[in-house]
Structures are given as structure tokens and as C-alpha cells.
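In: Here is my input, please return the structure:
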Amino acid sequence: MKLPFLILIATALAGSPLFAEEPIARKAENVSFRNEIQLAIDKGLTWLKENQKPDGYWSTDEHPALTSLPLLAFHREPTGKYRDGKAPFLQKGYDFIRAKAQPDGGIYGKGLSNYNTSLALVALLTTRDPKDEPLITKAREFIIAQQATGMASESLDGGIGYGPTGVSPKRQHPDLDNTLISIEALQAYRASRPEVEAKHDLNWQAAIDFISRTQNLPSHNPKGSADPADKGGFIYYPGFSNADPAEGPKALRSYGTMTYAGLLSFIYADLKKDDPRVVAALEWLTKNFTLEENPGMGRAGLYYYYHLMSKGLVAAGVDKLQLADGKKVEWAPVLAGKLIQLQQGDGSWVNDTARWMEKDPVLVTCYCVLTLELIYNRL
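Out: Numbering: from 1, shown residues only. Below is the predicted model:
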């Protein structure tokens, strides 16, 4: 993994550089709009601070991921006033995460062990506290150990799922979203420690092969959808798409969140911009660009779609999208304006559709604040 790519990873993972303190060059003509974004960020963070539980966690004590996300949102605040993590309320949050460390190296409560560990790892990387090194090292090893091998269905090999604990039978297999979250955490670790040569690492080629089997691209995945409308897009895991109807034949429809997840996963795995799989993903996303829905899923997962859009297009180095009608759209200011419009009076955001926990205002507010922080540093 080349150092410039690691810098890209660190930048894509953060609203401000995750492991650097240098000021970011911003455009003078965007000062007014940046002020609006900063105000929305401040309101969102104020709401998060006011809604932290007395024991230091957010939302629920079962899932430290829901505490990791607010901690990341505070850390990435553009002015840097929370970046050192010394504020007492932030320390309580970090202490809560530390207390969730398990003997197997994971950081979780009752379940979703890999999902929780991955987000907790990224949060702990921001503390720069030497006492966290053993937790960080063990968490990284835990994530790597979740990569699937020898599955009954070979199409699932190389991917990563929710983890072995407290997972329903429907979730006991790898999927694209958990694979993304896992490799994002591993690359955050690598970006923070470019000088460390880890002896034990993910099988990256196996991960790439799994990701490719979730893309509807006949040249690389003959078992995907053959419908031209799906070409380049992604599904949840090989043979299953959440965009398919609950009843009836499975069509393996491509949809928005997973296509951004696939794009990001390929970028984190160091595929080049001219790789046909990356090109096809961007073509599908451009063709289906909208802020009114999560393409293929309606309002389900809408705010996660916004969040992955910002990370995916930043990581891909895309400033403008040329739509099917020939018009070019600067996605960053348009998305920021949409989120400002959707913010509630108390500073929070929430989806009116409950799927994927988007009726939890903590989760959705974190998605939006992190997205606005990333956009702030693009303008």
C-alpha cells in the first residue's frame, strides 16, 4: 500500500485529516456557505452533547458503535476545538468504549461484534493515548479473523459479516456493508501507522474477489443481474439484494447505498480509478444520482446513502457528476444544502422510515454531521 494512498484513506475517513494537524486550503468564495455548514454542525454537536447518557454512551449501551460515531463527529469538527478529546464528556465516551473490550479482542456488547469493533477501533485511533494500543492491536486482529474462508457457498469467501456473537441466522454470513466497515477500520489503522509493517493482514485479494461478486458487472461477475439498468451497481451479498421484492423472483437489483459501499471498498483495496469495476460503479452512481431517495430503496437507508455518497465521491476524487441529461452537478454543496434543509429545529436529524435504525436520531445525526464536516473541508 503506497503512502499517498494511505493519506487519501485518512482524508476520506475524516471530516478533517484524521492523523494530521495541517490547515486545509479552502476557497475564499465559499466563506458564507461554510459558515452555514458550520452552524449546522454546531447545532448537531450540541444536540449530541445534550443527549449523551450519564454513563458516557449514546443511544444504547449494547452497541459501542453508537458511541464511537458521536466521538468521531466531535473529533472531526472543522475548527478542531474537540480534536484533543480532553473534554470530560468525551473522555466518558472513550472510557465507555474501553470498558466494552472483550477477551477475544473485540469491542462490543451483546452482538454485532465485528460492526461494533470496527467503529470502536476507528474512534480509539483518534485518542493517541498509549494506553489504548493494546486494545487497538487486539481489535485489529479480531477484525482480520472475521474474514470468511471455507464457506458452504464459495461466493461468500473473502467477505466479512456482523461477527460471531448475538447474530440472527440471517446475518451469519459476510455482506458488502460489513466488509466495507471492516476494511475502512483496517485502513484507518494503517493510515495512522504507515511505518508499521504488520505481519498479519487481511487477504486483500480474497476481499476484492468477494466485493466483485456483489457487483452487477457481467465481465467480472457472470452471476449478477444482466439487466443494463443494474450494470455497475452493487447488491448486499452474492445472490441477494435488499432492493428485490419481498416476494417473487429475485432480480439482484442494484441500489444506492451498496453501490457507494462497493465503490469505497474497491478504493480502500487500492483498485485504480481506471479499473473497469471502479469506472462502472461511478457510471451507475452518476446515472442514478438523486438526493430524493436511496436509489432502489426509497427512503430506507436515506441518510446512510448521503453519508456514503460524501465519502465515496471524496475518495474517488469526484467534484462534479455529469448526469444523463448532460448537466453537471457539484454534488458537495448540493448535498450540504439538502442536509441543512432537513435539519430539525433542535439540531438533530432523523428519518421517518425506520429501516436500518434510521429512526434513531443519534445514528442519523452522526451520519449528517460527519457528512457536513467532510463537505466543509471540500469547499
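In: C-alpha only now, for contacts and for neighbours.
Out: Fine.
In: you'd agree Lys359 is up against Thr365?
Out: No. Taking contacts as C-alpha atoms under 8 Å, Lys359 lies outside contact range of Thr365: 10.3 Å.
In: Mind checking which of the two has more residues around it?
Out: Taking neighbours as other C-alpha atoms under 10 Å, Lys359 and Thr365 compare with Thr365 leading, 28 against 15.
In: Might you report the residue contacts of the more buried one?
Out: Contacts for Thr365 (C-alpha atoms under 8 Å, 6 or more residues apart in numbering) come out as 44, 48, 348-350.
In: Confirm it sits in a helix?
Out: Yes. Counting by DSSP: H, G, I helix; E, B strand; the rest coil, Thr365 is found in a helix.
In: anything in contact with each of Lys359 and Thr365?
Out: Val350.
In: For Gln91, which non-adjacent residue is spatially closest?
Out: Gly85 (6.6 Å; C-alpha to C-alpha, 6 or more residues apart in numbering).
In: what number of residues lie near that neighbour?
Out: Gly85, neighbours per other C-alpha under 10 Å, totals 20.
In: contact partners of stretch 31-48?
Out: Applying C-alpha under 8 Å, 6+ apart, the set of residues contacting stretch 31-48 is 70, 73-74, 77-78, 336, 340, 343, 346-348, 362, 365, 369, 372-373, 376, 379.
In: Among the residues you listed, name the buried ones.
Out: 70, 73-74, 77-78, 336, 340, 343, 347-348, 362, 365, 369, 372-373, 376, 379 (16 or more other C-alpha atoms under 10 Å).
In: Can you flag which of those residues belong to helices?
Out: 70, 73-74, 336, 340, 362, 365, 369, 372-373, 376 (DSSP state H).
In: Please tabulate those residues in TSV and include pLDDT and distance to Arg190 as additional columns.
Out: Below are these laid out as TSV (pLDDT from 0 to 100; distance: C-alpha to C-alpha, whole Å):
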residue	pLDDT	distance to Arg190
Pro70	98	22
Ala73	98	21
Phe74	98	22
Ala336	98	30
Ile340	98	33
Val362	98	28
Thr365	98	28
Val369	98	25
Leu372	98	25
Glu373	97	22
Tyr376	95	25
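In: Now for the residue of the chain positioned farthest from its centre: which residues touch it?
Out: The centre of the chain is farthest from one residue, Gly248, which by C-alpha atoms, centre = their mean lies 31.0 Å away. With contact set as C-alpha under 8 Å, 6+ apart, Gly248 has no partners.
In: For it, which three-state class applies?
Out: coil.
In: now the lengthiest helix in the chain against helix 361-376, angle please.
Out: The longest helix of the chain (DSSP H) is helix 31-50. Counting by axes from the mean of the first three to the mean of the last three C-alpha atoms, to 10 degrees, helix 31-50 lies at 150 degrees to helix 361-376.
In: pLDDT averaged over helix 31-50, what's the number?
Out: Helix 31-50 carries an average pLDDT of 97.
In: buried sites along it?
Out: For helix 31-50, using 16+ other C-alpha under 10 Å, the buried residues are 34, 37-38, 40-45, 47-48.
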